[in-house]
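[1] sharing a model prediction with you, sequence too.
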Number of protein chains: 2
Amino acid sequence: MLPPSTRRSLPMALLRAREVIMAHFRPMLARHDITEQQWRVLRVLAETGPLEATELANRASILPPSLTRIIKAMEEREFITRNKVKDDGRRALLAISPAGLALIEELSPERVAIYEAIEKRYGAEEHERLLDMLESLIQSESPIE
Amino acid sequence: MLPPSTRRSLPMALLRAREVIMAHFRPMLARHDITEQQWRVLRVLAETGPLEATELANRASILPPSLTRIIKAMEEREFITRNKVKDDGRRALLAISPAGLALIEELSPERVAIYEAIEKRYGAEEHERLLDMLESLIQSESPIE
DNA sequence: CACTTGTAGTTAACATGTGAATTACATCTT
DNA sequence: AAGATGTAATTCACATGTTAACTACAAGTG
């Protein structure tokens, strides 16, 4: 078997695909001066409620060192709050603030419009199928152990 | 239309998929003290021959500022060479060196084995289909203008 | 209780991602 | 030829990715 060319390798294809998709969201995020990662943190907290850092890092696919910095920045801008957990001095519960929720509300319509435009160009069924295949790939490569 | 949850959004799925795949390659790259991006640069140059920086950046999906730093580092380690283009003082041709080619040769077997293992777990047909769908997505989102 | 082991977060060091500004050339226009 | 415009590459500033080391705390073991 030949090694795959850079024009048809899974890592490169995934990278490029993500790039073209994110290009549509970046202007929106830039206008509100938040990064892609900060946006992920906000959305995860809004969806799931308060979380500890480790769980938040997993759900937002952000590494612990990055999350430490992001939490610091977002706490200063008062988009999230942090409350120590009783009985365990290491942990803290991170939660989205009213200002954070307001930001999500504000961006929601534009966000939906962007997703709809992507679905329209690419095809709704294709989109669903792609998501299924990606989830399947992720499953096949991450043993639950 | 509801905004997609973080559990089923295309950007997140692409990010996670790339993560699980790259996890298999990182140990190999780390053993040879090269980064994922440096590895992409080497492979592109080996496949296509000498390129100017802009073209190399496009093919390797690396932004110009990053490529500047990467070239500097790889030139110092003598994995690539750089030759000024006649008649245009701005451009330079970047080429892989014998040492760079040797590194590619050395890693090739392990690289193929990793790809084969992924195909085996995920399914060869699925793998091909996923590549097709990703290419199609990239096409649909990047107008030739 | 002292000691070991394990876990949650953080810090450090360096590479890359990202957008904006800048430099160095080329080319076009008049 | 001089000035305007365009292009290739670099530099800057800051955020994140990545690995390793480290701190703080918890829980198990003797």
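    Nice, I can see it. These numbers were taken from a predicted model, which means no experiment stands behind them. Numbers count the residues shown, from 1 in each chain, chains lettered A, B, ... in the order given.

[2] ranges for the strands of chain A?
    In chain A, the strands defined using DSSP state E lie at A:51-52, A:80-84, A:92-96.

[3] any chance of these in JSON lines, plus distance to chain B?
    Heads up, the C-betas are built off the backbone N, CA and C, glycines and all. Formatted as JSON lines, the strands of chain A follow (distance: least, CB to the nearest CB, whole Å):
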{"stretch": "strand A:51-52", "distance to chain B": "12"}
{"stretch": "strand A:80-84", "distance to chain B": "15"}
{"stretch": "strand A:92-96", "distance to chain B": "13"}
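
[4] of those strands, which is nearest DNA strand D?
    strand A:80-84 (9.5 Å; CB to the nearest atom of the strand).

[5] mind listing what's buried in the closest one?
    Using 16 or more other CB atoms under 10 Å in any protein chain shown as the test for burial, strand A:80-84 gives A:80-81.

[6] what lines up beside it in the sheet?
    strand A:92-96 (antiparallel) (DSSP bridges).

[7] let me see the contact set for the residue sitting nearest the centre point of chain A.
    Taking CA atoms, centre = their mean, the centroid of chain A lies closest to A:Arg40, which sits 3.4 Å from it. Residues near A:Arg40 by CB atoms under 8 Å, 6 or more residues apart in numbering or on different chains: A:60-62, B:6, B:12.

[8] if you set the cut-off to 7 Å instead, what comes out?
    Shown in contact with A:Arg40 (CB atoms under 7 Å, 6 or more residues apart in numbering or on different chains): A:60, A:62, B:6.

[9] what sits against the first one?
    I take that to be A:Ala60. So A:Ala60 contacts A:40-41, A:44 (CB under 7 Å, 6+ apart).

[10] and the spatially closest residue to it that is not a sequence neighbour, how far from DNA strand D?
    Once flanking residues are discounted, A:Ala60 sits nearest to A:Arg40: 4.3 Å by CB to CB, 6 or more residues apart in numbering or on different chains. According to CB to the nearest atom of the strand, to the nearest Å, A:Arg40 and DNA strand D sit 9 Å apart.

[11] the longest helix seen in chain A vs strand A:80-84, what angle?
    Longest helix of chain A, by residue count under DSSP state H: helix A:98-122. Following axes from the mean of the first three to the mean of the last three CA atoms, to 10 degrees, one obtains 120 degrees for the angle between helix A:98-122 and strand A:80-84.

[12] buried residues, helix A:98-122. List them.
    For helix A:98-122, burial by neighbour count (16+ other CB under 10 Å) applies to A:100, A:103-104, A:107, A:111, A:114-115, A:118-119, A:122.

[13] contacting residues around it?
    Under CB under 7 Å, 6+ apart, the answer for helix A:98-122 is A:21, A:24-25, A:28, A:32, A:42-43, A:46, A:78-80, A:127, B:1, B:3-4, B:137, B:140-141.

[14] with stretch A:19-32 instead?
    Applying CB under 7 Å, 6+ apart, the external contacts of stretch A:19-32 come out as A:35-36, A:39, A:103, A:107, A:110, A:114, A:118, B:10-11, B:14, B:61, B:138, B:141-142.

[15] if we go to 10 Å?
    Stretch A:19-32 is contacted from outside by A:34-39, A:103, A:106-107, A:110-111, A:113-115, A:117-118, A:122, B:9-11, B:14-15, B:61, B:137-142, using CB atoms under 10 Å, 6 or more residues apart in numbering or on different chains.

[16] which parts of chain A are helices?
    A:10-31, A:36-48, A:53-60, A:64-76, A:98-122, A:124-141.

[17] ok and the longest one relative to helix A:64-76, angle-wise?
    Counting by the same axes, to 10 degrees, helix A:98-122 lies at 120 degrees to helix A:64-76.

[18] can you check the last one too?
    An angle of 130 degrees separates the directions of helix A:124-141 and helix A:64-76 when computed by the same axes, to 10 degrees.

[19] which strands and helices lie in contact with helix A:124-141?
    Here helix A:124-141 touches helix A:10-31, helix A:98-122, helix B:10-31, helix B:98-122, helix B:124-141, going by 3 or more CB pairs under 10 Å, 6 or more residues apart in numbering or on different chains; DSSP states H and E.

[20] nearest to DNA strand C, out of these?
    Of all those, it is helix A:10-31 that lies closest to DNA strand C, at 4.1 Å by CB to the nearest atom of the strand.
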